[in-house]
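1. here you go, sequence then predicted model.
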Amino acid sequence: MIGRFWARALERPLRLDAVERPGDVLVVLGAALAQDGSLGPVLAERVEAGAAAFRRGLAPAMIVTGALEAEAMRARAVALGVPQAAILLEPTARTTRENALASSALMRAHGLGRALIVTQPFHVRRSVAAFRRVGVHADPLPFRSAVTTARQAAREYVALAVYAARGWLSL
């Protein structure tokens, strides 16, 4: 209970106010796989949120991005009802910045303009800003996370500072 309190308290300033609206593509950001190669809890939650948004008709396409996890993400999204033909695979990115760079190139190649970024609230501020920095019209896909920890939220403050110092954000 105390850990959940701290997670929510640390996460609050990292969130972006968002209203659910349609886009051209849902971009589901990668995260750690479990030791057995299945989706870890953070990643599973992202894929589930993206698939649910797809089923609600928020975007006609989905990008799953991550060097080690994109294939597993696509398989889970298909199992959740997203047609494989609607999923674009981005299997090279290892960081949020690389997610933005590689996904933006994929979006341009497929004529996709507006991206709905699918990630937990603690990670959404940096993610959306990284996508905007590389020229993507990006908005967060709002959803409530059940897996955020205080450690994840605290780590995000350091990541935000590093990205800001390197000029990788458009705030």
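-> Good, I have the coordinates. Numbers count the residues shown, from 1 in each chain.

2. neighbours of residue 143, how many?
-> 20 (other Cβ atoms under 10 Å). Quick note: C-beta positions are derived from backbone N, CA and C, even for glycine.

3. show me what contacts the residue lying closest to it once chain neighbours are set aside?
-> In space, and not counting its chain neighbours, residue 143 is closest to residue 49: 4.4 Å by Cβ to Cβ, 6 or more residues apart in numbering. Going by Cβ atoms under 8 Å, 6 or more residues apart in numbering, residue 49 touches 28, 118, 141, 143.

4. give me the phi and psi for residue 49.
-> phi -60, psi -40 (degrees, to the nearest 10).

5. swap in residue 65?
-> Dihedral pair for residue 65: phi -130, psi 130, per degrees, to the nearest 10.

6. that one and residue 161, how far apart?
-> Relative to residue 161, residue 65 is positioned 23 Å away (criterion: Cβ to Cβ, to the nearest Å).

7. looking at the two, which is more packed in?
-> In this view residue 65 and residue 161 are compared by other Cβ under 10 Å, and residue 65 has more residues nearby, 24 against 11.

8. for that one, list the residues it contacts.
-> Residue 65 makes contact with 27, 28, 29, 30, 90, 91, 93, 99, 102, 103, according to Cβ under 8 Å, 6+ apart.

9. beta partners of it?
-> Beta-bridge partners for residue 65, by DSSP bridges, are residue 29, residue 90.

10. picking up where we left off before, what would the contacts of residue 65 look like in CSV with pLDDT, distance to residue 150 and neighbour count?
-> Listed next are the contacts of residue 65 as CSV, based on pLDDT from 0 to 100; distance: Cβ to Cβ, whole Å; neighbours: other Cβ atoms under 10 Å:
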residue, pLDDT, distance to residue 150, neighbour count
27, 98, 26, 31
28, 98, 24, 36
29, 98, 21, 29
30, 97, 22, 28
90, 98, 30, 25
91, 98, 31, 16
93, 98, 26, 21
99, 98, 24, 27
102, 98, 30, 20
103, 98, 29, 28
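
11. redo those as a markdown table? Include distance to residue 19.
-> Shown next, in a markdown table, are the contacts of residue 65 (distance: Cβ to Cβ, whole Å):
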| residue | distance to residue 19 |
| --- | --- |
| 27 | 18 |
| 28 | 19 |
| 29 | 20 |
| 30 | 25 |
| 90 | 26 |
| 91 | 31 |
| 93 | 27 |
| 99 | 23 |
| 102 | 27 |
| 103 | 22 |
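
12. for residue 78, state which of the residues you listed is nearest.
-> Lowest distance from residue 78 to the contacts of residue 65 (Cβ to Cβ) belongs to residue 28, with 12.6 Å.
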